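Participant: Need coordinates for the following:
(chains A and B)
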Amino acid sequence: MSDSHNHTHECTDKCCCGHDHEHGHEHEHPNEMLFGKENEVPGVFSHSFEIQLKEEVSAQELSQCLTGWLESLTQWIKDSKYYIGHIKIFAEKEDLIKLWISTTGKQINVKGLEACCDSKCTDFVINITAIVFGVKEKVLQEVATSSLVKELRDRLLAWK
Amino acid sequence: MNLIIFGGFLGSGKTSLILSLARYIIEQQEVSDKPGLVIIENEIGETGIDDKVLKSGGFSVRELFAGCICCTLSVDLITTINNIYENTNPKWVIIECTGIAYPGMVMDTLKQYGKSMESIRTVTVVDAERWEELEDITPVLVETQVSQGDTLLINKIDLISEDDAVKVEEHVKSINPEAKLFKVCANVKISDDIWNEVLKNE
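Facilitator: Next up is the predicted model:
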């Protein structure tokens, strides 16, 4: 996990402060145009995880697990003094389960649970897009992935 | 085709409001062979999230991922629009921009290169809950998005006090005094009057 965020030092090519100096996703606006005072560039982590669990979970349990993941990730971002643009998650198992969970760093919103609350599954796909200001994309990826694995912990059979 | 470009910062509620508007458009359409609506969904990440929300609502959605239609994907946007015109020619096309896009740049591109557009208008969604902090962190982006809206929807009005709502409204009005302005909460039904104003041809 990152240490507290330092805005005051001069960043160089070898800087490992967590600031994203090169944006992995294509967006051509100059920084001044995008972010005015702070000149910060968002890190974007967008990925689909294929998850296999040892035992079935209900949609309710899955929702709780993903909410826990999002809470943990959000807390790390706040502790590191980064800023959340948004984090959106879509979890699905064919037509059985479709869950949307999102946050801007305020409350966490969950949609779709009522339609699939009785459904259960052992494998599913989790799609996530996290757009966070001030953090390197690679750092965001590592933290998001490790916190998901930690959240699933003993239940996890395989993932990619 | 009539185009509506939805802009506004990340997490401001664009997708939820588009869902509401899309339902209204479909409810209003007369029975005919011409499809009522196609939605173009732009996401800066490679993985689609919001397109799945819209598709699960039963709407026709075209995706433009891994870039921003106001700059890197502008060519793809024009190709998609022209393709929609040639194959479907719906009465309405709603375009959801990424949260870091400038809707005015999207409009300029469409006006210059898009085919057969009867009208084109922008709706900017303002996140009332985060407006003050966004003014601090990304003032150029959020103020430009507001200035480029024909209609401004101040969303999440239920999450702030009356006094704060007045402050946000006054500030947004000062940036763009000409725009139509409405205070909304995307979690409850949006008044038909508001959507009528958004859809009205001036």
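Participant: For chain B, just list every one of the helices.
Facilitator: In chain B, the helices defined using DSSP state H lie at B:14-28, B:50-56, B:74-87, B:103-113, B:131-137, B:139-147, B:162-175, B:192-199.
Participant: Now do the helices in chain A.
Facilitator: Taking DSSP H as the test, the helices found in chain A are A:31-35, A:59-79, A:113-116, A:137-152.
Participant: For chain A, what's its nearest residue on chain B.
Facilitator: B:Gly45 (2.7 Å; C-beta to the nearest C-beta). Where C-beta positions appear, they are placed from N, C-alpha and C, glycine not excepted.
Participant: show me the contacts for the nearest residue to that residue once chain neighbours are set aside.
Facilitator: The shortest distance from B:Gly45 to any non-neighbouring residue, by C-beta to C-beta, 6 or more residues apart in numbering or on different chains, is to A:Ser46 (2.7 Å). Taking C-beta atoms under 8 Å, 6 or more residues apart in numbering or on different chains, we find A:Ser46 in contact with A:25, A:128-130, B:43-47, B:66.
Participant: Extract the C-alpha trace of the top strand by length along chain A and format it as PDB.
Facilitator: Identified as the longest strand of chain A according to DSSP state E is strand A:42-58. Taking Å, rounded to 0.1, in the frame of the first residue of the first chain, the C-alpha atoms of strand A:42-58 are listed here in PDB:
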ATOM      1  CA  PRO A  42      -6.100  10.300 -13.900                       C
ATOM      2  CA  GLY A  43      -4.900   6.800 -13.700                       C
ATOM      3  CA  VAL A  44      -7.400   4.400 -15.500                       C
ATOM      4  CA  PHE A  45      -7.600   0.800 -14.600                       C
ATOM      5  CA  SER A  46     -10.100  -1.200 -16.700                       C
ATOM      6  CA  HIS A  47     -10.200  -5.000 -16.500                       C
ATOM      7  CA  SER A  48     -12.300  -8.100 -16.600                       C
ATOM      8  CA  PHE A  49     -11.600 -10.700 -14.000                       C
ATOM      9  CA  GLU A  50     -12.700 -14.300 -14.500                       C
ATOM     10  CA  ILE A  51     -13.300 -15.700 -11.000                       C
ATOM     11  CA  GLN A  52     -13.800 -19.300  -9.900                       C
ATOM     12  CA  LEU A  53     -14.800 -20.000  -6.300                       C
ATOM     13  CA  LYS A  54     -14.600 -23.300  -4.300                       C
ATOM     14  CA  GLU A  55     -18.300 -23.100  -3.400                       C
ATOM     15  CA  GLU A  56     -21.400 -21.400  -4.600                       C
ATOM     16  CA  VAL A  57     -22.200 -17.900  -3.500                       C
ATOM     17  CA  SER A  58     -25.600 -16.200  -3.700                       C
END
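Participant: Look up which residues are beta-bridged to the residue nearest to B:Gly45.
Facilitator: Bridge pairing for A:Ser46 (DSSP bridges) gives the partners A:Thr129.
Participant: Buried ones in stretch A:130-145, by neighbour count?
Facilitator: For stretch A:130-145, a neighbour-count test (16 or more other C-beta atoms under 10 Å in any protein chain shown) marks A:130-137, A:139-141, A:143-144 as buried.
Participant: Also stretch A:112-126?
Facilitator: For stretch A:112-126, burial by neighbour count (16+ other C-beta under 10 Å) applies to A:112-113, A:116, A:119-121, A:124, A:126.
Participant: Where does the prediction get shaky in chain B?
Facilitator: Where chain B drops to pLDDT under 70, the residues are B:32-34.
Participant: tell me how far the top strand by length along it is from the chain's mean position?
Facilitator: Longest strand in chain B by number of residues (criterion: DSSP E): strand B:119-127. Relative to its parent chain, strand B:119-127 has a centroid offset of 5 Å by C-alpha atoms, centre = their mean, to the nearest Å.
Participant: tell me what that strand is packed against?
Facilitator: Counting contacts by 3 or more C-beta pairs under 8 Å, 6 or more residues apart in numbering or on different chains; DSSP states H and E, strand B:119-127 is packed against strand B:2-7, helix B:14-28, helix B:103-113, helix B:139-147, strand B:151-155.
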